[in-house]
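> Sequence plus predicted model, see below.
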Amino acid sequence: MIFQISCQKGANATPSTTTQKNKIVYGYDKGLGSNPIEIWISNIDGTDNKKIPRSLPANESLQGYVSILPDGNKIVFAVSSDITSEVFLYTASTNGENLTKIITGSGDGFYSINAY
């Protein structure tokens, strides 16, 4: 498994797919103020659209950069601190459980994520 990570400002988040489980995962920005970005998963044809619940630590916000791992069982996504310039990558099961911080970094850019 290889992760492609970019810490450049302006990196574009795009939906991520896996062919093994025929799923697509994406960040959805509702534009409603405090941490409005949600993670959603659906079948590759757009059916069975479901919000993936997640519970981040206080003062951390989802950035919308999300990818599904090739086996279709886990997602990886970017989070930033609301207080410092730290940025993080987390993994979680596609049902939102087993949240694990895997990378901590610093800087003023965001992650773009591709899983192979």
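Happy to help now that I have it.
> So what's the residue count around residue 47?
7 (other Cβ atoms under 10 Å). Just so you know, the C-beta spots here come from the backbone N, C-alpha and C atoms, and that holds for glycine as well.
> Read off the pLDDT value for it.
Listed pLDDT for residue 47 reads 93.
> where does it fall, phi/psi-wise?
phi -80, psi 170 (degrees, to the nearest 10).
> now this protein, which segments are flagged as low pLDDT?
1-20, 31-36, 107-116 (pLDDT under 70).
> all helices of it, in order?
With DSSP state H, there are no helices along the chain.
> where do the strands sit along it?
Taking DSSP state E, the strands of the chain run over residues 3-6, 16-18, 23-29, 37-43, 50-52, 60-68, 74-81, 86-93, 100-106, 112-115.
> Generate JSON lines for those strands, with mean neighbour count as supplementary columns.
Below are the strands of the chain laid out as JSON lines (neighbours: other Cβ atoms under 10 Å):
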{"stretch": "strand 3-6", "mean neighbour count": "14"}
{"stretch": "strand 16-18", "mean neighbour count": "20"}
{"stretch": "strand 23-29", "mean neighbour count": "18"}
{"stretch": "strand 37-43", "mean neighbour count": "18"}
{"stretch": "strand 50-52", "mean neighbour count": "14"}
{"stretch": "strand 60-68", "mean neighbour count": "22"}
{"stretch": "strand 74-81", "mean neighbour count": "23"}
{"stretch": "strand 86-93", "mean neighbour count": "18"}
{"stretch": "strand 100-106", "mean neighbour count": "12"}
{"stretch": "strand 112-115", "mean neighbour count": "18"}
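> Noted, bye for now.
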